[in-house]
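A.B. asks: Can you look at this prediction? I've put the sequence above it.
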Amino acid sequence: MSTAIIQTKQLTYSFGERPVLSGVSLDVPAASIFGFLGPNGSGKTTTIRLLLGLIRSRENNIFMFGESIKTHRLFILRQIGALIESPSLYPHLSGYANLDLTRQLLQVAKKRIDEVLEIVQLTSDAHRSVREYSLGMKQRLSLAMTLLSDPDLLILDEPTNGLDPAGIRDIRDLLIRLNKDLSKTIFLSSHLLSEIEKMATHLAIIHQGRVLFQGNPGQLQQMQATRLILQTADPERAIALLSRANYAVQPINSNQILLSVEGPSQTAQINQLLVQQGFEVYRIHPQADTLEDLFLSLTNHTN
Ligand SMILES: Nc1ncnc2c1ncn2[C@@H]1O[C@H](COP(=O)(O)OP(=O)(O)OP(=O)(O)O)[C@@H](O)[C@H]1O
C-alpha cells in the first residue's frame, strides 16, 4: 500500500455558525495526481486553506508527510508548492525577473530559475514582459514559482480556471510531466469532471462540505456506468428484447432508453445482443454524463 502524503481525519470547519466542511477524510497517496472535484461553494478552497495552515479547524486533524500540522507546520510547508487564488505577478517585469524576486525570498540558487523555466516551457519567453503573456503563460509562470523550491507536493486550487482549451491542455500536460518525470505528488481542485478525469490517478468528490466519493477514476467510471442511456431507431422493440433478456429497462422518449447495468461487461453484452438482432445502436452513454448528474447519482447512492 502506498503512503499517504496528505491525510485528513474527519475534518470539520464552520464560518461562524455555518458549517462548511463536515467530516472530510482524505487520503492522498504519494506520487498521485489527486483531483479534488466539486462545484462552486462545495468547500474545496476552505479545505486547501486548512491544508496550508492559512486557517485552522478546532481539531486540526491534518497529517502531511506523516506529521501533524499542529506540531510540524513549518516542516510540512517547506515541502509544498501552492497556488491558491491568482498569484500576484508584476506585469511590467519579465517572467525571469518575476521568478528572480521569489527566488531571492526563498533563497534558492539562481540557476534554478532556468530549470523551472525549462520545465514550464517558458525559456524562450523568459525576457518578455509579463503583460504580453497569455493567461495560460501567466499560469505556467505561476507554476514555475511554486517549483522554485523543488517541493515534493504541489497543492493547486483550480489551476485551469479561466483558461481556453489550449491553455488547459498545456497545464494538464505540464502537471502530468511533473508527476511522471519528477515524481511530484499533485493535489488539485477543479469544478470540471472532464478536466480531472483526464489526468487524475485518484480523486475525491466533495459536495456541500461532504466527500461523496473517493477512489480511482476506474471506480468512478464503474459507478457512472450503472445507469446508461441508449439511443436506437426502434426503442419499443429494443425494450421488449432487453426485457426478455432480463435487463431493467424503461423508455425515456421516442429514441432513448434508460438501462440499469452492473458494469462495463454488461454494456458490451447489451450492445452485442442488439446488433445481433439487427438493431442500429447510435449511442450508449452513462446517464451521469455531467458533474451535476454525477452528484445526483452519488447522492442517491449514499442516501
Ligand atoms: N471567509 C468566509 N466567510 C464566510 N463564508 C465563507 C468564507 N469563505 C468561504 N465561505 C463559504 O464557505 C463555502 C465553501 O467555500 P469554498 O470557497 O471553500 O468553496 P469552493 O468549493 O472552493 O468554491 P469556489 O470554487 O467557488 O471557490 C461557501 O458557501 C462560501 O460561501
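C.D. replies: Yep, that arrived.
A.B. asks: What distance do you get for L93 to V130?
C.D. replies: According to Cβ to Cβ, to the nearest Å, L93 and V130 sit 6 Å apart. (Glycine included, C-beta is placed from N, CA and C.)
A.B. asks: Which of the two has more residues huddled nearby?
C.D. replies: Per other Cβ atoms under 10 Å, whichever of L93 and V130 has more neighbours is V130, with 19 against 15.
A.B. asks: isn't the more buried one right next to G95, touching?
C.D. replies: Yes: counting by Cβ atoms under 8 Å, V130 does reach G95; the two are 5.9 Å apart.
A.B. asks: what's the overlap in contacts for the two?
C.D. replies: L141 (Cβ atoms under 8 Å, 6 or more residues apart in numbering).
A.B. asks: what sits in contact with each of L93 and V130?
C.D. replies: With Cβ under 8 Å, 6+ apart, L93 and V130 have no common neighbours.
A.B. asks: Pull the contacting residues for G215.
C.D. replies: Neighbours of G215 in contact, by Cβ under 8 Å, 6+ apart: 202-203.
A.B. asks: so who does L175 touch?
C.D. replies: 33, 154, 156, 159, 186, 188, 199.
A.B. asks: Contact residues of the stretch 1-150 of the chain facing the ligand?
C.D. replies: By Cβ under 6 Å from any ligand atom, the part of the stretch 1-150 of the chain that sits against the ligand consists of 15, 20, 38, 40-46.
A.B. asks: Strands of the stretch 151-300 of the chain, residue ranges please.
C.D. replies: 153-156, 185-190, 202-207, 210-215, 227-232, 248-253, 256-260, 281-286 (DSSP state E, counting those that start in this stretch).
A.B. asks: strands paired with the fifth one, and their directions?
C.D. replies: As defined by DSSP bridges, the strand partners of strand 227-232 come to strand 256-260 (antiparallel), strand 281-286 (antiparallel).
A.B. asks: Looking at these, which is nearest to the ligand?
C.D. replies: strand 281-286 (23.8 Å; Cβ to the nearest ligand atom).
A.B. asks: Give me the contacts around that closest one.
C.D. replies: So strand 281-286 is contacted by 221, 224-225, 227-233, 255, 267, 270-271, 274-275 (Cβ under 8 Å, 6+ apart).
A.B. asks: S129: neighbouring residues, count only.
C.D. replies: 15.
A.B. asks: That one and the ligand, how far apart?
C.D. replies: Using Cβ to the nearest ligand atom, to the nearest Å, we find S129 at a distance of 30 Å from the ligand.
A.B. asks: what about stretch 205-217, start to end distance?
C.D. replies: Start to finish, the residues bounding stretch 205-217 are 11 Å apart (Cα to Cα, to the nearest Å).
A.B. asks: Is it positioned near the ligand?
C.D. replies: No: Stretch 205-217 is not in contact with the ligand by Cβ under 6 Å from any ligand atom; minimum separation 7.0 Å.
A.B. asks: Please identify the buried residues of that stretch?
C.D. replies: Buried residues in stretch 205-217, defined by neighbour count with 16 or more other Cβ atoms under 10 Å: 205-214, 217.
A.B. asks: In JSON lines, list those along with pLDDT and distance to R237.
C.D. replies: JSON lines is the format used below for the buried residues of stretch 205-217 (pLDDT from 0 to 100; distance: Cβ to Cβ, whole Å):
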{"residue": "I205", "pLDDT": "93", "distance to R237": "38"}
{"residue": "I206", "pLDDT": "93", "distance to R237": "43"}
{"residue": "H207", "pLDDT": "90", "distance to R237": "39"}
{"residue": "Q208", "pLDDT": "90", "distance to R237": "43"}
{"residue": "G209", "pLDDT": "94", "distance to R237": "47"}
{"residue": "R210", "pLDDT": "93", "distance to R237": "43"}
{"residue": "V211", "pLDDT": "94", "distance to R237": "43"}
{"residue": "L212", "pLDDT": "89", "distance to R237": "38"}
{"residue": "F213", "pLDDT": "90", "distance to R237": "36"}
{"residue": "Q214", "pLDDT": "94", "distance to R237": "42"}
{"residue": "P217", "pLDDT": "85", "distance to R237": "35"}
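A.B. asks: Including distance to I176, could those go into TSV?
C.D. replies: Formatted as TSV, those follow (distance: Cβ to Cβ, whole Å):
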residue	distance to I176
I205	21
I206	23
H207	26
Q208	30
G209	30
R210	29
V211	24
L212	26
F213	22
Q214	21
P217	14
